[in-house]
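Engineer: Give me a 3D structure for the following:
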Amino acid sequence: MNTFSYIITKIIKPENNAFCKNFDNTDKINPMIKLFFSIFIRENVTIKKTKHAFFFESISNCFLKLQKNDFIDYFCKIQKTYCGFTKLALIYRYKKTKIVSNTDMNLNEIYKYGKDIFCMYQQKNLYLFNINDLIKIINTSLTNAYLFISDPLPSKNPYNNIPFNKSTLYNIYFYIKFNSNKYCELLNKFFYSDFNITLFMKNNMYLLREYAINNYVNNSAKNVICNEIDNMIKKYNNKIVNNKFINRNRQIIIHKDFPKDKLIKIFKPYLLLLFKSLYSLIPQIKEESYNILMSKLFAFQKFNPSFGRRNAVVEWKYTKDLKKKSYIKEYKFNDSHIKFYKEDSNFMKNQILINNYDLYNYYEETSYENSYLELESETESESYDDDGIDVIVTTIIANNEVRVTEINNEEEYDEEYDEEEYDEGEYDEEDQDSIS
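Structural biologist: Numbers count the residues shown, from 1 in each chain. Below you'll find the predicted structure:
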């Protein structure tokens, strides 16, 4: 006999009926109510009927129509008693059970009654979790994906690899909601799906795709991200080459030895736009991401056409026999670039008016970074060699402290610049002819 049935026998006393020898006349419980609870105790042993199914079947039975309200009162009294003993047992377990883990995921010591600490009872052991760690565990399992195809997994206890049951998930949700200032979007969606992982996946497929894209860009290995950035730039350059109305000099060309960390930091927002334009399930985001990506890459190249170029700093020395000798002192990379995110000049008023320009114009050249301009200010001149590498030339007289900067390549640079302007002029005339 389970606990609920045992409580029924103590409150309803179904064995005390008119057919027993020691019938108690002072018992005021209706015999029909006793009969229904007796049937539940008997069926609970054989077919394991749940108490909720028994309740709804009983109140809809025509033989209990007159005693319906009394039956509901007795059932609620039994249920209240059952919940009270359950709460008492839970309190006892939390006080007497051994704590298995008392550190968070970063191995910081935590305490049972600390702030934002959730105590979980599972498999006769207690586990302490920081709320932030629980949110990460749930988000990681729900956003699991392969090649942007979502495949949510059940959230598990990392200490024993046992999935959280529904009562634990409900306790986690209500603890986060009422005892902390944290918000977990996916847990909230999971809650409204009754913690049904199939229903959750079906109702939030579009949202899971966005999370999968962000996780891929933010969590992939550096070599993977670098390859994706190279592919993105190649696709952009191919579009420039194949478009007869755009000058081919608008291509983005980056030296193979450009620092990988800096490349990832600069181009990761562009890569996120690329994947959203390819794999997002929301048509508006897909179209806008493509338009924003192309306009920003075009503005990126326009701001600094020499981005990614390797600069060779060359110095000349005079030996003791007055012979001139050159050598490359160092290499520096041109990393001056426009900022991806622009500042909102109407920040204090954008809650009142809709900026139609921002809705339909994806880019505005208002902000940029001048990290490379410091290099240009340190030198008095700059020229370009035949291989497309910037050369900064200085002269040092041996055994002397005098330093003279040569600008003997400045005329060559001016001639190349004039040729570029001439080419652009020819291109403009061709465009005018094609348009006419």
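
Engineer: From what I see, D344 and Q351 are in contact.
Structural biologist: No - the criterion here is C-beta atoms under 8 Å, and D344 misses it with Q351 at 11.2 Å. All C-beta atoms are positioned from the backbone trio N, CA, C, and that covers glycine.

Engineer: quick one, which of the two is more surrounded?
Structural biologist: D344 (11 against 7; other C-beta atoms under 10 Å).

Engineer: Excluding chain neighbours, what is closest to that one?
Structural biologist: N350 (6.3 Å; C-beta to C-beta, 6 or more residues apart in numbering).

Engineer: For the one you found, which three-state class applies?
Structural biologist: Assigned by DSSP: H, G, I helix; E, B strand; the rest coil, the conformation of N350 is coil.

Engineer: Give the burial count for it, as a bare number.
Structural biologist: By the measure other C-beta under 10 Å, the count of residues near N350 is 12.

Engineer: just the one 3 residues further on next, same as before
Structural biologist: Other residues near L353 come to 8 when the count uses other C-beta under 10 Å.

Engineer: Tell me the secondary structure of it, please.
Structural biologist: Looking at L353 with three-state DSSP, the answer is coil.

Engineer: what residues are up against it?
Structural biologist: Contact analysis of L353 by C-beta atoms under 8 Å, 6 or more residues apart in numbering lists N346.

Engineer: got the phi/psi numbers for it?
Structural biologist: Note on L353: backbone dihedrals following degrees, to the nearest 10 are phi -120, psi 150.

Engineer: Could you measure from the residue lying closest to I254 once chain neighbours are set aside over to I233?
Structural biologist: Excluding the flanking residues, the one nearest I254 by C-beta to C-beta, 6+ apart is G308, at 3.2 Å. Distance, G308 to I233, by C-beta to C-beta, to the nearest Å: 9 Å.

Engineer: Common neighbours of the two, please.
Structural biologist: Contacts common to G308 and I233, judged by C-beta under 8 Å, 6+ apart, are 252, 254.

Engineer: now stretch 63-72, how far from the chain's geometric center?
Structural biologist: In terms of C-alpha atoms, centre = their mean, to the nearest Å, the centre of stretch 63-72 is set 54 Å apart from its chain centre.

Engineer: wait, doesn't F340 sit right on L272?
Structural biologist: No - judged on C-beta under 8 Å, F340 makes no contact with L272 at a distance of 9.9 Å.

Engineer: Low-confidence regions, the stretch 201-350 of the chain specifically.
Structural biologist: 322, 327 (pLDDT under 70).

Engineer: mind running it again at 90?
Structural biologist: Along the stretch 201-350 of the chain, segments meeting pLDDT under 90 span 240-250, 310-337, 339-350.

Engineer: can you map out the strands along it?
Structural biologist: Here the stretch 201-350 of the chain has its strands, by DSSP state E, counting those that start in this stretch, at 310-318, 324-333.

Engineer: between these, which gets nearest to N157?
Structural biologist: With C-beta to C-beta, the closest approach to N157 among those belongs to strand 324-333: 47.8 Å.

Engineer: What are the buried residues along that closest one?
Structural biologist: By 16 or more other C-beta atoms under 10 Å, the buried positions in strand 324-333 come out as 332-333.

Engineer: tell me which strands and helices that strand is in contact with?
Structural biologist: strand 310-318 (3 or more C-beta pairs under 8 Å, 6 or more residues apart in numbering; DSSP states H and E).

Engineer: Next, the angle from the strand it packs on to strand 324-333.
Structural biologist: Counting by axes from the mean of the first three to the mean of the last three C-alpha atoms, to 10 degrees, strand 310-318 lies at 160 degrees to strand 324-333.

Engineer: May I have strand 310-318 as CSV, with CA atoms only?
Structural biologist: Taking Å, rounded to 0.1, in the frame of the first residue of the first chain, the C-alpha atoms of strand 310-318 are listed here in CSV:
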residue,chain,number,x,y,z
ARG,A,310,52.4,43.9,-44.9
ASN,A,311,54.7,46.9,-44.5
ALA,A,312,58.4,46.3,-44.7
VAL,A,313,60.4,48.9,-42.8
VAL,A,314,63.7,49.2,-44.7
GLU,A,315,66.8,51.0,-43.4
TRP,A,316,70.0,51.9,-45.2
LYS,A,317,73.5,51.9,-43.6
TYR,A,318,76.8,53.3,-44.8
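
Engineer: starting at the chain centroid, how far to that strand?
Structural biologist: Averaging C-alpha positions (C-alpha atoms, centre = their mean) puts strand 310-318 46 Å from its chain's average.

Engineer: And stretch 156-175, by the same measure?
Structural biologist: 21 Å.

Engineer: which parts of that stretch are buried?
Structural biologist: Under the neighbour-count rule (16+ other C-beta under 10 Å), stretch 156-175 has 157, 164, 168-169, 171-173, 175 buried.

Engineer: For the top helix by length along the chain, what does the pLDDT average out to?
Structural biologist: The longest helix of the chain (DSSP state H) is helix 68-96. The average of the pLDDT scores along helix 68-96 is 91.

Engineer: Counting by contacts, list what it packs against.
Structural biologist: helix 3-11, helix 31-46, helix 51-59, strand 117-122.

Engineer: can I see the domain layout of this protein?
Structural biologist: 3-96, 117-204, 220-361 (the TED database).

Engineer: I'd say the residue nearest to D344 and E343 touch.
Structural biologist: No - at 11.9 Å, N350 and E343 do not qualify as touching, with contact defined as C-beta under 8 Å.

Engineer: so how far is S180 from A299?
Structural biologist: Counting by C-beta to C-beta, the gap from A299 to S180 is 42 Å.

Engineer: Same check on F245?
Structural biologist: To S180, F245 is 56 Å away according to C-beta to C-beta.

Engineer: More neighbours: which of these two?
Structural biologist: Neighbours were counted for F245 and for S180 using other C-beta under 10 Å; S180 has more, 15 against 9.

Engineer: what's near enough to touch that one?
Structural biologist: S180 touches 116, 131, counting by C-beta under 8 Å, 6+ apart.

Engineer: For N61, what are phi and psi?
Structural biologist: Residue torsions, per degrees, to the nearest 10, at N61 are phi -80, psi 130.

Engineer: Now for it, how many residues are close by?
Structural biologist: N61: 13 surrounding residues under other C-beta under 10 Å.

Engineer: could you measure it against P31, distance?
Structural biologist: Distance, N61 to P31, using C-beta to C-beta: 15 Å.

Engineer: returning to that earlier point: which one of the domains of the chain lies closest to Y111?
Structural biologist: The closest of those to Y111 is domain 117-204. By C-beta to C-beta, the value is 6.7 Å.
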